[in-house]
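just a sequence and a predicted model for now, questions to come.
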Amino acid sequence: MDSKTTKANEVVLQGNEACAKGALYAGCRFFAGYPITPSTEIIEMMSEEMQKAGGAFIQMEDEIGSACAIIGARWGGKKAMTATSGPGYTLMQEAIGFAAVTETPIVIVNVQRGGPSTGQPTLSSQQDIYQTRYGSHGDYEIIVLAPSSVQEMYDFTIRAFELAEQFRTPVILLADEVVGHMREKIVIRDGSKEIKSEKKKYVVSPQADFFKGEFSTVEGQLHDEKGRRIGHIATKSGEFINNINKKIKDNVDSIASIDTYCMEDADVAIIAYGSVARPAMNAVKKARGIKDDRLFSKFRIVKDLFTRGVSETIKTDYSHLKVGLVKINSVWPMPEELLRQVTEYVDMVIVPEMNVGKYVREIERVLKDKKVISMPKCGGDIHTPTEILDEILTATGLEED
């Protein structure tokens with residue numbers, strides 16, 4: 001339900017700015033963060049806009065403090081978010097585990113850059129895909145959304161707050177430098193959206209607010225429904241771990257999100273997430289010989305992004321190549337059943353990623369009956385449509401002499 005909303009507006013925004021706007025619209029009223037490239041614009045906008053919205057902004061001493069601060073703020077009754085990039089996200093891992101075990105609904109934005117360590121502060125990557133899933137110790141499930149456009153930076157941020165409140169869990173918005181820094185025309189809304197905390201009781205309290213709902217103890221050790229420590233009791237500890245995992249695993253159907261393009265008759269599928277889905281989309285267009293851009297309008301393609309550094313003229317008629325795209329929006333929990341359904345009649349799958357080839361391992365696990373080809377790329381540059389198209393031609397045996 002929208003409250004105080006008057007109208008939708010078309011504006012040109014940077015991806016990071018759209019993320020901040022989405023958080024404010026979702027009711028975020030506390031932001032704690034530490035500046036780090038390439039996410040800093042989120043913090044800058046939040047520092048300007050949060051007080052205007054009746055909230056609080058605080059620049060913390062580091063990312064550890066930032067993650068802990070938003071956990072405390074959420075239990076204090078305010079929807080809360082922080083934003084960071086690689087090294088800062090690494091520092092947040094213990095707090096993410098604490099938020100998972102205490103069922104604290106927070107949103108963390110990771111605008112990825114090249115690593116390890118300080119790595120490449122100004123260039124993009126998708127190297128954190130596994131860290132978002134397995135970064136903190138212990139067994140827990142996590143929800144991770146991967147935007148591919150500025151519009152999705154806005155929309156997915158709102159969705160992240162909705163999912164956090166519904167499942168009482170931390171939710172990660174896994175962006176990257178390309179999407180974070182590009183500018184596009186998008187639609188945003190005035191006012192704010194009322195996102196209510198899910199009243200369903202998962203383990204402890206049905207409310208993530210002190211002095212509301214049932215009595216609750218915020219306890220980092222394994223605990224029962226009243227917050228009492230049970231780490232020394234194997235059976236109860238096992239039940240607790242199963243419960244915080246089941247609340248997400250049993251609801252994958254309501255969390256999972258993918259987009260498909262030209263998959264109805266596809267023999268070859270490109271599976272991509274984040275910014276790499278953009279050149280993958282353009283490669284499908286070239287392979288199909290499609291000249292009508294309306295099919296691709298959802299991404300609002302910035303043509304320069306796809307032609308930068310590509311000077312050769314593609315002369316071959318590729319219109320006979322039946323290639324489709326599966327864009328994964330919710331990378332964790334992995335949308336396994338959806339992937340099996342949309343690739344049922346596909347013979348081959350190509351997975352381009354800006355890393356050494358990580359998520360492709362999950363694709364191989366889920367699509368055991370398909371030929372899965374990894375297309376890794378490191379160094380900070382996004383794949384070009386030509387590179388992806390060349391991989392399709394090589395894989396299908398249609399490459400030119």
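Sure, I can see it.

what is whatever helix or strand residue 48 lives in packed up against?
Using DSSP states H and E, residue 48 falls within helix 40-49. Here helix 40-49 touches helix 15-25, strand 28-33, strand 56-59, strand 79-84, going by 3 or more Cβ pairs under 8 Å, 6 or more residues apart in numbering; DSSP states H and E. All C-beta atoms are positioned from the backbone trio N, CA, C, and that covers glycine.

at 6 Å what do you get?
Applying 3 or more Cβ pairs under 6 Å, 6 or more residues apart in numbering; DSSP states H and E, one finds that helix 40-49 makes contact with helix 15-25.

list the helices and strands the helix it packs on packs on?
helix 40-49, helix 150-167, helix 177-181, strand 183-189.

OK, contacts around residue 320?
For residue 320, no contacting residues are found, by Cβ atoms under 6 Å, 6 or more residues apart in numbering.

so where's the stretch 201-350 of the chain uncertain?
201-208, 211-216, 292-319 (pLDDT under 70).

what ranges do the helices span in it?
Listed in chain order, the helices found in the stretch 201-350 of the chain under DSSP state H, counting those that start in this stretch are 234-249, 252-255, 277-288, 303-307, 336-342.

and those helices: which comes nearest residue 19?
Among the helices of the stretch 201-350 of the chain, the nearest to residue 19 by Cβ to Cβ is helix 277-288 (17.3 Å).

now the angle between helix 150-167 and the closest one, please.
If you take axes from the mean of the first three to the mean of the last three Cα atoms, to 10 degrees, helix 277-288 sits at 120 degrees to helix 150-167.

packing partners of helix 277-288?
Using 3+ Cβ pairs under 6 Å, 6+ apart: helix 277-288 touches strand 323-328, helix 385-396.

next, the angle helix 277-288 makes with the longest one.
When you say that, I think you mean helix 385-396. 60 degrees.

who are the contact partners of the closest residue to residue 40 other than its chain neighbours?
Among residues not flanking residue 40 along the chain, residue 16 sits closest, at 7.7 Å (Cβ to Cβ, 6 or more residues apart in numbering). Contact partners of residue 16, counting by Cβ under 6 Å, 6+ apart, are 41, 42, 180.

can you pull the pLDDT of residue 16?
Note on residue 16: pLDDT of 98.

which of the contacts of residue 16 sits closest to residue 85?
residue 180 (8.8 Å).

how close does residue 166 sit to residue 196?
9 Å (Cβ to Cβ, to the nearest Å).
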